[in-house]
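**Q** everything below, folded, please.
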Amino acid sequence: MTELTTIDGGTTRLDAELDALAADLTGTLVRAGDPDYDTSRALWNAVTDRHPAAIVRCATTEDVRRAVLLAAEHRLLVAVRAGGHNVAGTAGVDDGLVIDLGQMRDVSVDPGTRLARVAGGARLGDLDAATQEHALAAPAGVFSDTGIGGLGLTGGIGWLRRLLGLTCDNIVGATVVAADGTVHEVDEENDPELLWGLRGGGGNLGVVTELVVRLHPVGPEVYAGFVLHRADRALEVLHAYRDWSADLPDEVSSMAVLGAAPEDEAVPAELTGQPCVIVLACVADPDHGEELLAPIRDLPDPAADLSGPVPYVELQQLFDADYPEGMRYYWRSVHLPELSEEALLRSVDQMHRRPSALSTIDLWHLGGAMSRVGAEDTAFGDRSAPYLVGIEANWTEPDDDEANMRWARGCAADLDALSTGREYLNFPGFQEGGQETLRAAHGEANYARLRALKQRMDPQNLFRLHQNIAP
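**A** So this is what the prediction gives:
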């Protein structure tokens, strides 16, 4: 017996309907009690433990369409899962239906047109492996197991952001299953308004089973900067980082990370796990890296300098070991108009307040190509802030949940008075800010356009668990 929750809070039994759906799928249907249920429902963030009534593991767009039709007909509470890495856990739902794209990971590359067709469940690693065969890349995130769909539809800030823009800026087409089961093939000539909404509007408008992404010549090697200093020099290093990043060419994307020194043979053993500041950077042309990073590498007495040419795919995997599936995460963010002295002082102070040595405060330098896209040119919204602070609470034990989430919220509140009032929607906490956060992120004009698109694509608000702008 399978009972599912509906969007009005009721329940319904659909045993026969689920049996019929399972018989028609190219993929598979998983229900509570099935041997692979727990592995199928598990999300990357262990804090967001969800127990759906049924999971449709789709293999084709037709599988997705059939699942959507069932959900719409019976008004089921439905979640859509691409990579399953949304920190807020929106890829799962208790007692509802999950439409899981995880088996749809194909990436096909046309090197002539420099376009990639990316299936809805593909990860960054899938995209990088396919595109780097042709020394091409799409700007994406910095963790190779991230789902392209969730990342790209909500923005996509990565190592190439200043040179090539956000992931969403490079989406030129999509296949979307709407709430009524219709399939929309979207590009810049066919429904450009919907394409506009997919460029940063989140997963609120339908199930995206394929993205078409613009590619650029990158790799196979880039120049990676990695310079580590002890925590007692944090302010000195951050002052230098602020001055250096103020005049960087678009070719350099960088960040300063306040966290713990990693275990590495190049890092003094006594520093492992101790507070530190790390300046990280990517220069797409490895021949220019040494010159462009010289000012930040020439600071005296670094504890370690691991900078040098690396394969692009290796840089994309740099953080993989730090973010294993099944750990516990809560991430927030603020945009800063400048790295003021007060912002730096507060950031360093908050580094020392972290309950977990795994947590970090990441100062991302923005600007460049991503900032030259107008606030209303994509649904993503305003890009004028030159810095983003990513506040990452990362820990292992359930008993430490409250302390770590309280730290991250306190850190965000501490910096909020210095901020532009806008969060990055891929680091949204657990969406506690609701519509106020969405309005600030998208801007009022974009918010209104997204609401109109929602009314057209999903008037009954079937897809309501992502960053939802109701119709």
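
**Q** could you pull out the helices for the chain?
**A** 15-24, 37-41, 61-73, 124-132, 148-153, 161-164, 192-198, 234-245, 286-297, 312-316, 341-353, 401-416, 434-442, 444-457 (DSSP state H).

**Q** most tightly surrounded among those?
**A** Mean neighbour count (mean count of other Cβ atoms under 10 Å) peaks for helix 148-153 among the helices of the chain, with a mean of 29. Placement of C-beta: from N, CA and C, glycine included.

**Q** now do it: which elements does it pack against?
**A** Here helix 148-153 touches helix 124-132, strand 207-214, going by 3 or more Cβ pairs under 8 Å, 6 or more residues apart in numbering; DSSP states H and E.

**Q** chain center to it, what's the gap?
**A** How far helix 148-153 lies from its chain's middle: 7 Å, per Cα atoms, centre = their mean, to the nearest Å.

**Q** skipping its backbone neighbours, what lies nearest the one residue sitting closest to the centre of the chain in space?
**A** When Cα atoms, centre = their mean is applied to the chain, the residue found nearest the centroid is residue 151 (3.8 Å). Leaving aside its sequence neighbours, residue 151 sits nearest to residue 141 (Cβ to Cβ, 6 or more residues apart in numbering; 5.1 Å).

**Q** is that neighbour in contact with residue 156, as I believe?
**A** Yes. At 6.2 Å, residue 141 counts as touching residue 156 under the criterion of Cβ atoms under 8 Å.

**Q** mutual contacts of these two, please.
**A** Common contact partners of residue 141 and residue 156 (Cβ atoms under 8 Å, 6 or more residues apart in numbering): residue 167.

**Q** who's more crowded, these two?
**A** Between residue 141 and residue 156, counting by other Cβ atoms under 10 Å, residue 156 is the more crowded of the two (30 against 25).

**Q** so who does the more buried one touch?
**A** Per Cβ under 8 Å, 6+ apart, neighbours of residue 156: 139, 140, 141, 166, 167, 168, 426.

**Q** the second one contacts residue 148, correct?
**A** Same thing as residue 140. Yes. Between residue 140 and residue 148 there is a contact at 6.6 Å, judged by Cβ under 8 Å.

**Q** where does pLDDT dip in this structure?
**A** Across the chain, nothing is flagged by pLDDT under 70.

**Q** domains of it?
**A** With domains defined by automatic domain parsing, the chain comprises 3-100, 107-218, 221-416.

**Q** want to throw those into JSON lines with distance to residue 438?
**A** JSON lines is the format used below for those (distance: least, Cβ to Cβ, whole Å):
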{"stretch": "domain 3-100", "distance to residue 438": "13"}
{"stretch": "domain 107-218", "distance to residue 438": "8"}
{"stretch": "domain 221-416", "distance to residue 438": "10"}
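
**Q** which one of these lies closest to residue 434?
**A** domain 3-100 (12.0 Å; Cβ to Cβ).

**Q** for that closest one, the distance to its chain's centre please.
**A** For domain 3-100, the distance to the chain centre is 22 Å (Cα atoms, centre = their mean).

**Q** measure that domain end to end?
**A** 19 Å (Cα to Cα, to the nearest Å).

**Q** ok so, going back, which of the contacts of residue 156 are buried, as a ChimeraX select command?
**A** One line in ChimeraX is enough to select the buried ones among the contacts of residue 156; burial here means 16 or more other Cβ atoms under 10 Å:
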select :139,140,141,166,167,168,426
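
**Q** just the ones of the contacts of residue 156 in strands?
**A** Within these, no residue falls in strands by DSSP state E.

**Q** return the member of the contacts of residue 156 nearest to residue 251.
**A** residue 139 (13.2 Å).

**Q** please report how far residue 135 lies from residue 109.
**A** 11 Å (Cβ to Cβ, to the nearest Å).

**Q** okay, these two: which has more neighbours?
**A** Remark: of residue 135 and residue 109, residue 109 carries more neighbours, 21 against 15, as counted by other Cβ under 10 Å.

**Q** number of residues surrounding residue 191?
**A** Quick note: residue 191 (other Cβ under 10 Å) scores 19 neighbours.

**Q** just residue 298 next, same as before
**A** Neighbours around residue 298, by other Cβ under 10 Å: 10.

**Q** do the same with residue 1
**A** For residue 1, the count of nearby residues is 8 (other Cβ under 10 Å).

**Q** check whether the residue nearest to the centre of the chain really touches residue 167, as I assumed.
**A** Yes. Residue 151 is within contact range of residue 167, at 5.9 Å (criterion: Cβ under 8 Å).

**Q** what touches both of the two?
**A** With Cβ under 8 Å, 6+ apart, residue 151 and residue 167 have common neighbours 140, 141.

**Q** stretch 29-40: end-to-end distance?
**A** 10 Å.

**Q** alright, I will stop here.
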